[in-house]
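[1] sharing a model prediction with you, sequence too.
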Protein chains: 2
Amino acid sequence: MKIPSSSIPRISRYYRVLLSLKDPVVSSQELADLTGSGAAQIRKDLAYFGQFGRPGKGYGTEALKQELKKILGIDRNWAVALVGIGNLGSALLAYKGFKDQGFNIKYAFDNDRKKIGRSRQGIKIRDIKNIPSVIKASGIEMAVIAVPQSSAQDVVDMLVASGIKAILNFAPAVLKVSDGVELLNIDLSIEMEKLTYFLQRNKA
Amino acid sequence: MKIPSSSIPRISRYYRVLLSLKDPVVSSQELADLTGSGAAQIRKDLAYFGQFGRPGKGYGTEALKQELKKILGIDRNWAVALVGIGNLGSALLAYKGFKDQGFNIKYAFDNDRKKIGRSRQGIKIRDIKNIPSVIKASGIEMAVIAVPQSSAQDVVDMLVASGIKAILNFAPAVLKVSDGVELLNIDLSIEMEKLTYFLQRNKA
DNA sequence: TAGATTGTTAATCGATTAACAATC
DNA sequence: TAGATTGTTAATCGATTAACAATC
(Lines give C-alpha, C1' and ligand atoms only; values in the text may rest on other atoms or scores of the structure.)
Protein backbone atom coordinates (compact mmCIF):
# COMPACT_ATOMS: atom_id res chain seq x y z
CA MET A 1 0.00 0.00 0.00
CA LYS A 2 1.14 3.50 -0.83
CA ILE A 3 1.71 5.59 2.31
CA PRO A 4 1.49 9.35 1.77
CA SER A 5 4.77 10.92 2.85
CA SER A 6 2.89 13.59 4.79
CA SER A 7 1.66 10.87 7.09
CA ILE A 8 5.12 10.29 8.63
CA PRO A 9 5.62 13.70 10.28
CA ARG A 10 2.07 13.42 11.59
CA ILE A 11 2.92 10.09 13.18
CA SER A 12 5.91 11.78 14.81
CA ARG A 13 3.52 14.32 16.29
CA TYR A 14 1.14 11.64 17.57
CA TYR A 15 4.14 10.02 19.21
CA ARG A 16 5.22 13.31 20.85
CA VAL A 17 1.78 13.76 22.34
CA LEU A 18 1.61 10.19 23.60
CA LEU A 19 4.84 10.75 25.52
CA SER A 20 3.16 13.16 27.90
CA LEU A 21 -0.21 11.42 28.04
CA LYS A 22 -1.33 10.03 31.38
CA ASP A 23 -4.46 8.07 30.40
CA PRO A 24 -3.89 4.35 29.73
CA VAL A 25 -6.26 4.51 26.75
CA VAL A 26 -6.73 7.21 24.12
CA SER A 27 -9.25 7.66 21.30
CA SER A 28 -8.57 9.09 17.86
CA GLN A 29 -10.74 12.04 18.87
CA GLU A 30 -8.57 12.80 21.92
CA LEU A 31 -5.43 12.56 19.82
CA ALA A 32 -7.07 14.89 17.31
CA ASP A 33 -7.69 17.48 20.01
CA LEU A 34 -4.09 17.24 21.17
CA THR A 35 -2.37 17.30 17.78
CA GLY A 36 -4.66 19.40 15.63
CA SER A 37 -5.09 16.63 13.03
CA GLY A 38 -8.56 15.25 12.32
CA ALA A 39 -9.71 12.03 13.99
CA ALA A 40 -10.33 10.33 10.64
CA GLN A 41 -6.88 11.34 9.49
CA ILE A 42 -5.33 9.80 12.58
CA ARG A 43 -7.17 6.51 12.20
CA LYS A 44 -6.18 6.42 8.54
CA ASP A 45 -2.51 7.14 9.30
CA LEU A 46 -2.41 4.37 11.87
CA ALA A 47 -4.30 1.95 9.62
CA TYR A 48 -1.51 2.15 7.04
CA PHE A 49 0.64 0.24 9.49
CA GLY A 50 -1.75 -2.13 11.22
CA GLN A 51 -4.70 -2.44 13.56
CA PHE A 52 -3.69 -0.99 16.88
CA GLY A 53 -7.03 -0.07 18.43
CA ARG A 54 -10.14 -1.72 19.78
CA PRO A 55 -13.52 -0.58 18.38
CA GLY A 56 -15.57 1.00 21.12
CA LYS A 57 -12.49 1.45 23.32
CA GLY A 58 -9.64 3.29 21.64
CA TYR A 59 -5.90 2.73 21.60
CA GLY A 60 -3.78 1.51 24.49
CA THR A 61 -1.40 4.42 25.11
CA GLU A 62 1.68 2.40 25.96
CA ALA A 63 1.20 -0.19 23.22
CA LEU A 64 0.57 2.51 20.61
CA LYS A 65 3.66 4.38 21.71
CA GLN A 66 5.76 1.28 21.14
CA GLU A 67 4.17 0.66 17.74
CA LEU A 68 4.87 4.22 16.62
CA LYS A 69 8.48 3.90 17.74
CA LYS A 70 8.82 0.81 15.58
CA ILE A 71 7.18 2.51 12.58
CA LEU A 72 9.45 5.54 12.86
CA GLY A 73 12.50 3.38 13.39
CA ILE A 74 13.31 4.99 16.74
CA ASP A 75 13.13 1.75 18.71
CA ARG A 76 16.92 1.71 18.45
CA ASN A 77 19.87 4.11 18.51
CA TRP A 78 21.35 5.68 15.38
CA ALA A 79 24.89 6.84 14.83
CA VAL A 80 25.14 10.12 12.93
CA ALA A 81 27.94 11.96 11.17
CA LEU A 82 27.94 15.77 11.34
CA VAL A 83 29.73 17.73 8.65
CA GLY A 84 30.46 21.45 9.11
CA ILE A 85 31.25 22.69 12.59
CA GLY A 86 30.47 26.38 12.18
CA ASN A 87 27.87 28.26 14.18
CA LEU A 88 25.01 25.97 13.33
CA GLY A 89 27.05 22.76 13.39
CA SER A 90 28.38 23.61 16.85
CA ALA A 91 24.85 24.27 18.08
CA LEU A 92 23.74 20.90 16.75
CA LEU A 93 26.71 19.20 18.34
CA ALA A 94 25.79 20.73 21.70
CA TYR A 95 22.07 19.99 21.35
CA LYS A 96 21.14 17.61 24.16
CA GLY A 97 17.84 16.55 22.65
CA PHE A 98 19.69 14.62 19.98
CA LYS A 99 21.16 12.05 22.30
CA ASP A 100 17.93 11.87 24.32
CA GLN A 101 16.13 10.73 21.20
CA GLY A 102 18.65 8.07 20.35
CA PHE A 103 20.75 10.01 17.86
CA ASN A 104 24.45 9.71 18.57
CA ILE A 105 26.70 12.13 16.78
CA LYS A 106 29.65 9.83 16.47
CA TYR A 107 31.85 11.73 14.03
CA ALA A 108 32.28 15.43 13.27
CA PHE A 109 34.04 16.84 10.19
CA ASP A 110 35.24 20.27 9.12
CA ASN A 111 37.78 21.62 6.63
CA ASP A 112 39.15 24.38 8.86
CA ARG A 113 42.74 23.59 9.90
CA LYS A 114 42.17 25.48 13.17
CA LYS A 115 39.30 23.16 14.12
CA ILE A 116 40.63 19.83 12.87
CA GLY A 117 42.06 17.75 15.69
CA ARG A 118 40.25 19.66 18.43
CA SER A 119 37.35 18.27 20.38
CA ARG A 120 33.87 19.71 20.96
CA GLN A 121 31.40 18.10 23.33
CA GLY A 122 33.78 15.17 23.54
CA ILE A 123 33.76 14.61 19.78
CA LYS A 124 36.97 14.95 17.84
CA ILE A 125 36.75 17.14 14.75
CA ARG A 126 38.22 15.36 11.72
CA ASP A 127 39.35 16.53 8.34
CA ILE A 128 36.59 16.40 5.70
CA LYS A 129 39.11 14.57 3.50
CA ASN A 130 38.78 11.60 5.82
CA ILE A 131 35.05 11.19 5.29
CA PRO A 132 35.41 8.23 2.91
CA SER A 133 37.69 6.16 5.10
CA VAL A 134 35.99 6.95 8.41
CA ILE A 135 32.39 6.58 7.20
CA LYS A 136 33.04 3.44 5.22
CA ALA A 137 34.71 1.79 8.19
CA SER A 138 31.95 2.86 10.58
CA GLY A 139 28.97 1.70 8.55
CA ILE A 140 27.06 4.87 9.54
CA GLU A 141 24.02 5.59 7.37
CA MET A 142 22.85 9.03 8.59
CA ALA A 143 24.52 12.40 8.17
CA VAL A 144 23.68 16.00 8.99
CA ILE A 145 25.39 18.68 6.95
CA ALA A 146 25.79 22.32 7.97
CA VAL A 147 28.43 23.52 5.51
CA PRO A 148 28.30 26.59 3.24
CA GLN A 149 26.27 26.36 0.07
CA SER A 150 29.40 26.33 -2.09
CA SER A 151 30.71 23.03 -0.73
CA ALA A 152 27.39 21.30 -0.03
CA GLN A 153 27.19 19.24 -3.24
CA ASP A 154 30.80 18.05 -2.88
CA VAL A 155 30.18 16.96 0.69
CA VAL A 156 26.97 15.18 -0.27
CA ASP A 157 28.74 13.33 -3.08
CA MET A 158 31.46 12.20 -0.70
CA LEU A 159 28.94 11.04 1.88
CA VAL A 160 26.85 9.11 -0.62
CA ALA A 161 29.94 7.49 -2.12
CA SER A 162 30.88 6.41 1.41
CA GLY A 163 27.59 4.63 2.01
CA ILE A 164 25.45 7.31 3.70
CA LYS A 165 21.77 6.62 2.96
CA ALA A 166 19.95 9.53 4.68
CA ILE A 167 20.99 13.16 4.88
CA LEU A 168 19.60 16.19 6.67
CA ASN A 169 20.91 19.26 4.89
CA PHE A 170 20.94 22.80 6.28
CA ALA A 171 22.82 24.36 3.36
CA PRO A 172 20.57 26.54 1.18
CA ALA A 173 21.26 24.62 -2.02
CA VAL A 174 19.42 22.41 -4.51
CA LEU A 175 21.35 19.17 -4.10
CA LYS A 176 21.30 16.00 -6.17
CA VAL A 177 21.58 12.52 -4.69
CA SER A 178 21.29 9.14 -6.36
CA ASP A 179 18.19 6.99 -6.03
CA GLY A 180 17.92 5.11 -2.79
CA VAL A 181 19.36 8.01 -0.80
CA GLU A 182 16.99 10.21 1.20
CA LEU A 183 17.82 13.92 1.30
CA LEU A 184 15.87 16.35 3.45
CA ASN A 185 16.43 20.07 3.38
CA ILE A 186 15.94 22.54 6.17
CA ASP A 187 16.33 25.88 4.48
CA LEU A 188 16.03 28.83 6.81
CA SER A 189 15.62 31.35 3.99
CA ILE A 190 12.73 29.43 2.52
CA GLU A 191 10.95 29.30 5.88
CA MET A 192 11.52 33.00 6.46
CA GLU A 193 10.15 33.74 3.01
CA LYS A 194 6.98 31.79 3.75
CA LEU A 195 6.54 34.23 6.61
CA THR A 196 7.29 37.37 4.61
CA TYR A 197 4.95 36.15 1.87
CA PHE A 198 2.23 35.86 4.47
CA LEU A 199 2.95 39.28 5.98
CA GLN A 200 3.25 40.96 2.62
CA ARG A 201 0.03 39.43 1.32
CA ASN A 202 -1.92 40.56 4.37
CA LYS A 203 -0.86 44.12 3.77
CA ALA A 204 -1.63 44.39 0.07
CA MET B 1 -7.69 32.67 -6.86
CA LYS B 2 -6.59 30.07 -4.39
CA ILE B 3 -2.81 29.68 -4.33
CA PRO B 4 -1.57 26.30 -3.04
CA SER B 5 0.69 26.89 -0.07
CA SER B 6 3.25 24.48 -1.52
CA SER B 7 3.76 26.92 -4.35
CA ILE B 8 5.47 29.51 -2.11
CA PRO B 9 8.57 27.50 -1.14
CA ARG B 10 8.91 26.53 -4.80
CA ILE B 11 8.91 30.18 -5.75
CA SER B 12 11.67 30.72 -3.21
CA ARG B 13 13.67 28.03 -4.97
CA TYR B 14 13.09 29.56 -8.40
CA TYR B 15 14.34 32.82 -6.97
CA ARG B 16 17.49 31.20 -5.53
CA VAL B 17 18.33 29.72 -8.90
CA LEU B 18 17.75 33.00 -10.73
CA LEU B 19 20.27 34.68 -8.45
CA SER B 20 23.13 32.72 -9.96
CA LEU B 21 21.81 32.61 -13.51
CA LYS B 22 23.85 34.37 -16.19
CA ASP B 23 21.49 34.20 -19.21
CA PRO B 24 19.30 37.30 -19.71
CA VAL B 25 16.34 35.07 -20.61
CA VAL B 26 15.22 31.76 -19.14
CA SER B 27 12.52 29.27 -20.13
CA SER B 28 10.32 27.27 -17.78
CA GLN B 29 12.15 24.18 -19.03
CA GLU B 30 15.56 25.58 -18.03
CA LEU B 31 14.22 26.53 -14.61
CA ALA B 32 12.81 23.02 -14.32
CA ASP B 33 16.23 21.50 -14.98
CA LEU B 34 17.81 23.75 -12.37
CA THR B 35 15.22 23.37 -9.61
CA GLY B 36 13.89 19.87 -10.08
CA SER B 37 10.28 21.05 -10.43
CA GLY B 38 8.37 20.36 -13.64
CA ALA B 39 8.11 23.02 -16.35
CA ALA B 40 4.31 23.00 -16.23
CA GLN B 41 4.44 23.39 -12.46
CA ILE B 42 6.70 26.41 -12.79
CA ARG B 43 4.50 28.12 -15.36
CA LYS B 44 1.49 27.44 -13.17
CA ASP B 45 3.15 28.79 -10.03
CA LEU B 46 4.12 31.98 -11.83
CA ALA B 47 0.71 32.32 -13.45
CA TYR B 48 -0.93 32.59 -10.02
CA PHE B 49 0.74 35.97 -9.70
CA GLY B 50 0.68 37.39 -13.22
CA GLN B 51 2.02 37.06 -16.74
CA PHE B 52 5.75 37.47 -16.60
CA GLY B 53 6.89 35.67 -19.74
CA ARG B 54 6.69 36.04 -23.51
CA PRO B 55 5.37 33.08 -25.52
CA GLY B 56 8.09 31.74 -27.77
CA LYS B 57 10.79 33.55 -25.77
CA GLY B 58 10.72 32.78 -22.07
CA TYR B 59 11.13 34.97 -19.00
CA GLY B 60 13.47 37.92 -18.62
CA THR B 61 15.81 36.85 -15.82
CA GLU B 62 16.22 40.21 -14.15
CA ALA B 63 12.55 41.19 -14.42
CA LEU B 64 11.41 37.81 -13.10
CA LYS B 65 13.82 38.06 -10.20
CA GLN B 66 12.29 41.40 -9.22
CA GLU B 67 8.76 40.03 -9.53
CA LEU B 68 9.55 37.07 -7.31
CA LYS B 69 11.07 39.38 -4.72
CA LYS B 70 7.83 41.34 -4.65
CA ILE B 71 5.72 38.18 -4.40
CA LEU B 72 7.79 36.84 -1.53
CA GLY B 73 7.83 40.19 0.22
CA ILE B 74 11.62 40.37 0.19
CA ASP B 75 11.81 43.62 -1.77
CA ARG B 76 12.28 45.30 1.61
CA ASN B 77 14.02 44.71 4.93
CA TRP B 78 12.32 43.05 7.88
CA ALA B 79 13.06 43.55 11.55
CA VAL B 80 12.97 40.35 13.57
CA ALA B 81 12.83 39.53 17.26
CA LEU B 82 14.72 36.47 18.48
CA VAL B 83 13.65 34.77 21.70
CA GLY B 84 15.88 32.20 23.41
CA ILE B 85 19.64 32.73 23.21
CA GLY B 86 20.83 29.19 23.93
CA ASN B 87 22.93 27.13 21.56
CA LEU B 88 20.60 27.40 18.64
CA GLY B 89 19.55 31.00 19.31
CA SER B 90 23.19 32.07 19.45
CA ALA B 91 23.90 30.31 16.17
CA LEU B 92 20.97 32.11 14.56
CA LEU B 93 22.15 35.43 15.98
CA ALA B 94 25.58 34.86 14.44
CA TYR B 95 24.22 33.63 11.11
CA LYS B 96 25.39 36.09 8.46
CA GLY B 97 22.95 34.92 5.80
CA PHE B 98 20.10 36.47 7.76
CA LYS B 99 21.21 40.06 7.30
CA ASP B 100 22.26 39.39 3.70
CA GLN B 101 18.69 38.45 2.92
CA GLY B 102 17.21 41.51 4.52
CA PHE B 103 16.35 40.05 7.91
CA ASN B 104 17.53 42.24 10.75
CA ILE B 105 17.52 40.69 14.17
CA LYS B 106 16.76 43.83 16.08
CA TYR B 107 15.95 42.47 19.52
CA ALA B 108 17.07 39.39 21.42
CA PHE B 109 15.40 38.00 24.55
CA ASP B 110 16.26 35.39 27.14
CA ASN B 111 15.22 34.62 30.71
CA ASP B 112 18.70 33.74 32.00
CA ARG B 113 19.93 36.38 34.47
CA LYS B 114 23.51 35.67 33.39
CA LYS B 115 22.73 36.56 29.78
CA ILE B 116 20.36 39.49 30.27
CA GLY B 117 22.13 42.81 29.77
CA ARG B 118 25.03 41.31 27.83
CA SER B 119 25.51 41.77 24.12
CA ARG B 120 26.02 39.19 21.38
CA GLN B 121 26.85 40.16 17.84
CA GLY B 122 26.14 43.73 18.82
CA ILE B 123 22.62 42.92 20.01
CA LYS B 124 21.71 43.49 23.62
CA ILE B 125 20.00 40.53 25.30
CA ARG B 126 16.86 41.66 27.10
CA ASP B 127 14.67 40.09 29.73
CA ILE B 128 11.80 38.05 28.28
CA LYS B 129 9.53 39.97 30.65
CA ASN B 130 10.11 43.05 28.52
CA ILE B 131 8.74 41.47 25.35
CA PRO B 132 5.38 43.27 25.56
CA SER B 133 6.77 46.77 26.02
CA VAL B 134 9.68 46.43 23.58
CA ILE B 135 7.77 44.68 20.78
CA LYS B 136 4.72 46.90 21.03
CA ALA B 137 6.88 50.02 20.82
CA SER B 138 8.90 48.63 17.90
CA GLY B 139 6.03 47.56 15.67
CA ILE B 140 7.98 44.41 14.72
CA GLU B 141 5.85 41.69 13.16
CA MET B 142 8.26 38.72 12.84
CA ALA B 143 9.77 36.58 15.57
CA VAL B 144 11.98 33.52 15.75
CA ILE B 145 11.77 31.42 18.89
CA ALA B 146 14.41 28.97 20.09
CA VAL B 147 13.32 28.36 23.67
CA PRO B 148 12.75 25.03 25.44
CA GLN B 149 9.51 23.22 24.78
CA SER B 150 8.24 23.97 28.27
CA SER B 151 8.14 27.74 27.80
CA ALA B 152 7.32 27.86 24.09
CA GLN B 153 3.55 28.39 24.43
CA ASP B 154 4.00 31.16 27.01
CA VAL B 155 6.48 32.96 24.78
CA VAL B 156 4.20 32.61 21.76
CA ASP B 157 1.26 34.01 23.72
CA MET B 158 3.33 37.00 24.80
CA LEU B 159 4.55 37.65 21.28
CA VAL B 160 1.09 37.43 19.75
CA ALA B 161 -0.36 39.69 22.44
CA SER B 162 2.38 42.19 21.58
CA GLY B 163 1.45 42.33 17.90
CA ILE B 164 3.72 39.71 16.31
CA LYS B 165 2.05 38.31 13.19
CA ALA B 166 4.54 35.68 11.95
CA ILE B 167 6.59 33.23 13.99
CA LEU B 168 9.28 30.70 13.14
CA ASN B 169 9.39 28.18 15.96
CA PHE B 170 12.24 25.76 16.67
CA ALA B 171 10.77 24.37 19.90
CA PRO B 172 9.45 20.81 19.50
CA ALA B 173 5.92 21.64 20.64
CA VAL B 174 2.41 21.77 19.22
CA LEU B 175 1.63 25.46 19.65
CA LYS B 176 -1.62 27.34 19.31
CA VAL B 177 -1.90 30.82 17.83
CA SER B 178 -4.95 32.92 17.07
CA ASP B 179 -6.26 33.36 13.53
CA GLY B 180 -4.34 35.85 11.47
CA VAL B 181 -1.01 34.82 12.96
CA GLU B 182 1.28 32.57 10.91
CA LEU B 183 3.22 29.94 12.82
CA LEU B 184 5.84 27.76 11.15
CA ASN B 185 7.60 24.95 12.93
CA ILE B 186 11.07 23.63 12.30
CA ASP B 187 11.22 20.50 14.38
CA LEU B 188 14.54 18.73 14.26
CA SER B 189 13.18 15.50 15.77
CA ILE B 190 10.47 15.26 13.16
CA GLU B 191 12.98 15.68 10.35
CA MET B 192 15.30 13.10 11.86
CA GLU B 193 12.40 10.70 12.20
CA LYS B 194 11.53 11.08 8.53
CA LEU B 195 15.06 9.83 7.90
CA THR B 196 14.90 6.93 10.34
CA TYR B 197 11.52 5.92 8.92
CA PHE B 198 13.13 5.78 5.50
CA LEU B 199 16.16 3.82 6.72
CA GLN B 200 14.07 1.44 8.79
CA ARG B 201 11.62 0.77 5.96
CA ASN B 202 14.42 -0.03 3.52
CA LYS B 203 15.75 -2.66 5.85
CA ALA B 204 12.53 -4.48 6.66
C1' DT C 1 6.82 31.69 -42.27
C1' DA C 2 8.52 27.99 -38.99
C1' DG C 3 9.89 27.09 -34.41
C1' DA C 4 9.65 27.95 -29.67
C1' DT C 5 7.45 28.68 -25.50
C1' DT C 6 3.96 30.87 -22.77
C1' DG C 7 -0.58 30.95 -20.19
C1' DT C 8 -4.52 28.33 -19.39
C1' DT C 9 -7.91 24.68 -19.63
C1' DA C 10 -8.84 19.92 -18.98
C1' DA C 11 -7.36 15.39 -17.23
C1' DT C 12 -5.08 12.91 -13.81
C1' DC C 13 -3.45 11.86 -9.62
C1' DG C 14 -3.14 11.65 -4.67
C1' DA C 15 -4.44 12.94 -0.19
C1' DT C 16 -8.02 14.23 3.15
C1' DT C 17 -12.53 13.85 5.02
C1' DA C 18 -17.03 11.74 5.74
C1' DA C 19 -19.79 7.95 6.55
C1' DC C 20 -20.84 3.66 8.44
C1' DA C 21 -20.74 -1.43 9.22
C1' DA C 22 -18.18 -4.15 12.39
C1' DT C 23 -16.98 -4.84 16.99
C1' DC C 24 -15.82 -4.10 21.69
C1' DT D 1 -28.33 -4.51 25.24
C1' DA D 2 -26.88 0.43 24.32
C1' DG D 3 -23.10 3.38 23.54
C1' DA D 4 -18.64 4.20 21.87
C1' DT D 5 -15.13 3.98 18.66
C1' DT D 6 -12.40 1.50 15.38
C1' DG D 7 -10.98 0.22 10.52
C1' DT D 8 -12.25 0.81 5.93
C1' DT D 9 -14.79 2.17 1.86
C1' DA D 10 -16.60 5.86 -0.78
C1' DA D 11 -16.91 10.84 -1.68
C1' DT D 12 -14.65 15.08 -1.79
C1' DC D 13 -11.21 18.11 -2.28
C1' DG D 14 -6.97 20.10 -3.94
C1' DA D 15 -2.76 19.94 -6.29
C1' DT D 16 0.05 18.37 -10.17
C1' DT D 17 0.65 17.20 -14.90
C1' DA D 18 -0.56 17.09 -19.78
C1' DA D 19 -2.12 19.19 -23.75
C1' DC D 20 -2.67 22.86 -26.81
C1' DA D 21 -4.30 27.33 -28.73
C1' DA D 22 -2.31 31.81 -28.62
C1' DT D 23 1.56 34.48 -29.55
C1' DC D 24 6.18 35.98 -29.98
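    Perfect, I can see it now.
[2] residue ranges of each domain in chain A, please.
    Domain assignment for chain A, taken from automatic domain parsing, gives A:7-71, A:78-191.
[3] right, and those domains - which one's nearest DNA strand D?
    domain A:7-71 (2.9 Å; CB to the nearest atom of the strand). From N, CA and C alone the C-beta is placed, and that goes for glycine too.
[4] how distant is that closest one from the center of its chain?
    20 Å (CA atoms, centre = their mean, to the nearest Å).
[5] state the mean pLDDT of that domain.
    What domain A:7-71 shows for mean pLDDT is 97.
[6] what would the domains of chain A look like in CSV with mean neighbour count and distance to residue B:154?
    What follows is those, written out as CSV (neighbours: other CB atoms under 10 Å in any protein chain shown; distance: least, CB to CB, whole Å):
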stretch, mean neighbour count, distance to residue B:154
domain A:7-71, 16, 16
domain A:78-191, 18, 19
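[7] okay if I get those domains as a markdown table plus distance to DNA strand D?
    Formatted as a markdown table, these follow (distance: least, CB to the nearest atom of the strand, whole Å):
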| stretch | distance to DNA strand D |
| --- | --- |
| domain A:7-71 | 3 |
| domain A:78-191 | 14 |
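[8] among those, which is nearest DNA strand C?
    domain A:7-71 (2.3 Å).
[9] does that closest one come close to DNA strand C?
    Yes: using CB under 7 Å from any atom of the strand, a contact is recorded between domain A:7-71 and DNA strand C, made by A:7, A:37-38, A:40-41, A:43-44, A:54-57.
[10] in strands only, show me the residues you listed.
    residue A:54 (DSSP state E).
[11] which of the residues of domain A:7-71 next to DNA strand C sit farthest apart?
    Greatest spacing in the residues of domain A:7-71 next to DNA strand C, by CB to CB: A:7 and A:56 (24.9 Å).
[12] residue A:167 reaches residue A:145, doesn't it?
    Yes: at 6.4 Å, residue A:167 and residue A:145 qualify as touching, with contact defined as CB atoms under 8 Å.
[13] what touches both of the two?
    A:156, A:159 (CB atoms under 8 Å, 6 or more residues apart in numbering or on different chains).
[14] distance between the ends of stretch A:53-64?
    8 Å (CA to CA, to the nearest Å).
[15] contact partners of that stretch?
    A:14, A:18, A:21, A:23-28, A:30-31, A:43, A:46, A:52.
[16] what residues are up against the spatially most central residue of chain A?
    Closest residue to the average C-alpha location of chain A: residue A:168 at 6.7 Å, with CA atoms, centre = their mean. By CB under 8 Å, 6+ apart, the contact list for residue A:168 reads A:142-145, A:184, A:186, B:191-192, B:195.
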